[in-house]
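Chemist: pasting the structure only:
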């Protein structure tokens, strides 16, 4: 079962699981991607994780052995303007997943799924200082925006259900992840901006170029989530991150290289946040040790693939 399969990560996960022959149950509520770009052989089921009874009924009917809980209000920028929806979706939605499992286990003691909860590097917040990175899983959780706070709630709820009710779960602390289909992150924003610059002569608009981010490809991320479901230690938290951090200015330079030319660039005040972690970079020694997983895709390959995807989308919508 995948909640939030109408997002970039969940849709790629559904395709990979189906490709390996696994019966996959992707659910979505308000897609953040163009669903037409997903393998048409995959059948999606509408499901609002905030609907307690619907979540319980779905899990009771299908009894999934692996649950990937990715559904979330996942944008820090939106969390500043709508902290209510952010907290409700991320925290209440997680409670509904675990309460459903707990209720079904009361009827069927043999039901014991592994739940991978998509947590976030945003939980570390003020702990992400240059002298403390790459940050390890035992760093203080000091989020700097409502989204980060909601993810701390999700993370600690998962631990509490494991500790109090012995529900198997792992807390996947996901760092910056991107790839084709992504929206509203720096890599996909740059991809679309570069295409507009190429096709329309528009300047490349950007936010803070001085922050540093370790950006992982979605294909590596999906492999990590599956590895945690099958080889992770129940109750534990795991960072999933790329192995090198880059300044956002460097990411923009990589796009110019991929495009084969430079374009005018200018600051967009709308892309500047009230607070921004100077560096986001996580230590992944633990997931490597416990599962054998490691990232394999270079960021330049990711950028090339995102640029190709955005070119294709532009041409399709302007044809």
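Modeler: In hand now; what should we look at? None of the values given here were measured: they were computed from a predicted structure.

Chemist: in this structure, which helix or strand is least confident?
Modeler: Ranking every helix and strand in the chain by mean pLDDT, DSSP states H and E puts helix 76-81 at the bottom, with a mean of 90.

Chemist: elements contacting that one?
Modeler: The elements that helix 76-81 packs onto, with contact taken as 3 or more CB pairs under 8 Å, 6 or more residues apart in numbering; DSSP states H and E, are helix 83-87, helix 146-165. To be clear about C-beta, it is placed using only N, CA and C from the backbone, and glycine gets the same treatment.

Chemist: chain neighbours aside, what residue packs nearest to residue 235?
Modeler: residue 162 (4.1 Å; CB to CB, 6 or more residues apart in numbering).

Chemist: residue 195 touches residue 314, doesn't it?
Modeler: Yes. Counting by CB atoms under 8 Å, residue 195 touches residue 314, with 4.8 Å between them.

Chemist: higher neighbour count, the two?
Modeler: When residue 195 and residue 314 are compared on other CB atoms under 10 Å, the one with more neighbours turns out to be residue 195, at 21 against 17.

Chemist: mind checking pLDDT for the more buried one?
Modeler: Note for residue 195: predicted pLDDT of 98.

Chemist: buried residues of the stretch of helix or strand it belongs to, list them for me.
Modeler: If you go by DSSP states H and E, residue 195 is part of helix 186-200. Of all the residues in helix 186-200, those buried under the rule 16 or more other CB atoms under 10 Å are 186-198.

Chemist: who touches the least confident helix or strand of the chain?
Modeler: 73, 85-86, 122, 145-148, 150, 184, 273-274 (CB atoms under 8 Å, 6 or more residues apart in numbering).

Chemist: tell me what the helix or strand following the helix holding residue 195 is packed against?
Modeler: Using DSSP H and E, the helix or strand that follows helix 186-200 towards the C-terminus is strand 204-206. On a contact count with 3+ CB pairs under 8 Å, 6+ apart, strand 204-206 meets helix 186-200, helix 248-259, strand 265-267.

Chemist: before we move on, the earlier item: which secondary structure elements does the helix holding residue 195 contact?
Modeler: Using 3+ CB pairs under 8 Å, 6+ apart: helix 186-200 touches strand 204-206, helix 248-259, helix 299-318.
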